[in-house]
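K.L.:
quick one, structure for this:
(one chain, ligands or ions: 1)
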Amino acid sequence: MMKLSSRIRRCGLSPMRQFYPYEVAAVNKGLKVHHMNIGQPDIETPPAFLEAVKDYQKNVVPYAPAPGEEAYLQAARAYYAGLGCALEDGDILATFGGSEALEIVMACILEEGDEVLVPEPFYPNYTTFIGVTGGKICPIPTSAEEGYRFASRERIEPLINERTRALLVTNPGNPTGVVLSREEMQVLVDIARKYELFLISDEVYREIVYTGEKNTMLAFAEAAENVVVIDSVSKRFSTTGARVGALVSRNHALMDEALKWAQGRLCITTLDQLGAAKMYETLGMEYFRSVRDEYRRRREATVEALRKIPGVEFTSPDGAFYLMVTLPVDDTEKLQYFLLEEFEDRGETVMFAPGAGFYSDPELGRNKIRIAYVTAPEDLTRAVELLGLGIAAYHRRNQK
Ligand SMILES: Cc1ncc(COP(=O)(O)O)c(C=O)c1O
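P.N.:
You can find the predicted model right below:
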């Protein structure tokens, strides 16, 4: 029998995709399924992206340089300059989405058994990126009652030990929608400096903040050696299939090591980088504002509909396009199976991401779900209504 690595066996399947076969069965039965389970926005990809790809004139699509196409790197540097962060050549590495940037940084910093502090609930794929490189997540506990806020010394410092290598935060947050205040960011910067930790800031939702200024950890010059930013065009420009992201850091030792990985995989997709460059060159504040306003409408529709369901608890999110909701049910995975296999209302049902997969101890998330509000407001109103009807039907079924 051939052996598979313990590192990969430690990782799990994505909680966002585990119900796919049941969804297919529901669709085959003729049901319309409303999706609140996956962060796939339906906002149109900017024409600039497709035009750049269509206008490509050469008759060979060659490898791009390993660190990235110059046009993309230059456009990205100009974008960061617009955020007030001057970056030099070598501070940005083009990656296959934010996903590869996460994978590269973990490969560069972790030894077997090393720990990464991550506020919980967290983006489930962090488990994979940290797990395959031999590391493990040390969760920073949060609570629904406190709106999932985590950035305090009292909460974080006791968790730090000699195996702790990094603090990984998602800002704005997936799945919680929490946006760090400037003061909270300063707390994290101070901790990272004091304990000599990498401060990995996953900012793929940077522009989607409803409360005011967008922020980046790159702005904290005193932590230039600690800060590593994970970035991506996926959500910013609604181009999730383009697979263009960035690893950004002024820590040259780290970036030199990361380049070895980049050279090993040769390059990321040439044409997608040209499309990404064009979006950065031609779209700015106005574009980001209109997208944010659209997500704000979607958030309002979702929150308003949720308020009508008895017994649900949540905090209206300040950023990204997700929210965690506590439901009056014992196990939201069972509820999801019920909704796909036994429930319908006028030929429709609904999907969400059960909360268990967002916690290192699944029990902590059993009565929670994550909602992605990425469709039109009227669809979200109906999807949340279906959730309420489904919960009522689930209780009736269980009482029989
Ligand atoms: C918090 C967070 N980080 C990173 C990613 C990775 O996205 P991509 O690889 O498409 O850039 C996602 C995608 O959903 C995400 O939610």
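
K.L.:
now do the helices in the chain.
P.N.:
Applying DSSP state H to the chain gives helices spanning 6-10, 20-28, 47-54, 70-82, 97-109, 125-131, 153-156, 182-195, 252-264, 270-282, 285-306, 332-341, 377-399.

K.L.:
flag every buried residue along the fourth one.
P.N.:
It refers to helix 70-82. Within helix 70-82, the residues scored as buried using 16 or more other CB atoms under 10 Å are 71-77, 79-80. Where you see a C-beta, it was placed from the backbone N, CA and C, and this is true even at glycine.

K.L.:
quick revisit: okay, the helices of the chain, which one's buried deepest?
P.N.:
Across these, the average number of neighbours (mean count of other CB atoms under 10 Å) peaks for helix 97-109, which reaches a mean of 24.

K.L.:
neighbouring contacts of that helix?
P.N.:
93, 95, 116, 125-126, 129-130, 132-133, 135, 165-166, 198, 200, 202, 204, 228, 230-232, 234, 240, 243-247, 254, 257-258, 261-262, 268 (CB atoms under 8 Å, 6 or more residues apart in numbering).

K.L.:
now the stretch 251-400 of the chain against the ligand: closest residue?
P.N.:
Going by CB to the nearest ligand atom, the ligand is nearest to residue 320 of the stretch 251-400 of the chain, at 7.7 Å.

K.L.:
that residue: neighbour count?
P.N.:
Residue 320: 28 surrounding residues under other CB atoms under 10 Å.

K.L.:
against residue 191, how distant is residue 197?
P.N.:
Residue 197 sits 7 Å away from residue 191, going by CB to CB, to the nearest Å.

K.L.:
what touches both of those two?
P.N.:
With CB under 8 Å, 6+ apart, residue 197 and residue 191 have common neighbours 160, 167.

K.L.:
quick one: contacts for the closest residue to residue 30 other than its chain neighbours?
P.N.:
Nearest non-adjacent residue to residue 30, counting by CB to CB, 6 or more residues apart in numbering: residue 347, 6.7 Å away. Neighbouring residues of residue 347 by CB under 8 Å, 6+ apart: 30-32.

K.L.:
of those residues, just the buried ones, ChimeraX syntax please.
P.N.:
Buried residues among the contacts of residue 347 (16+ other CB under 10 Å), as a ChimeraX selection:
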select :31
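
K.L.:
save the helices of the chain as TSV, and put in distance to the ligand too.
P.N.:
Shown next, in TSV, are the helices of the chain (distance: least, CB to the nearest ligand atom, whole Å):
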stretch	distance to the ligand
helix 6-10	19
helix 20-28	16
helix 47-54	14
helix 70-82	14
helix 97-109	2
helix 125-131	7
helix 153-156	19
helix 182-195	16
helix 252-264	16
helix 270-282	11
helix 285-306	14
helix 332-341	19
helix 377-399	18
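
K.L.:
okay, those in a markdown table with mean pLDDT and distance to residue 212 next?
P.N.:
Below are those laid out as a markdown table (pLDDT from 0 to 100; distance: least, CB to CB, whole Å):
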| stretch | mean pLDDT | distance to residue 212 |
| --- | --- | --- |
| helix 6-10 | 88 | 40 |
| helix 20-28 | 95 | 38 |
| helix 47-54 | 96 | 27 |
| helix 70-82 | 97 | 17 |
| helix 97-109 | 98 | 23 |
| helix 125-131 | 95 | 27 |
| helix 153-156 | 97 | 24 |
| helix 182-195 | 97 | 10 |
| helix 252-264 | 98 | 31 |
| helix 270-282 | 98 | 23 |
| helix 285-306 | 96 | 11 |
| helix 332-341 | 96 | 32 |
| helix 377-399 | 96 | 23 |
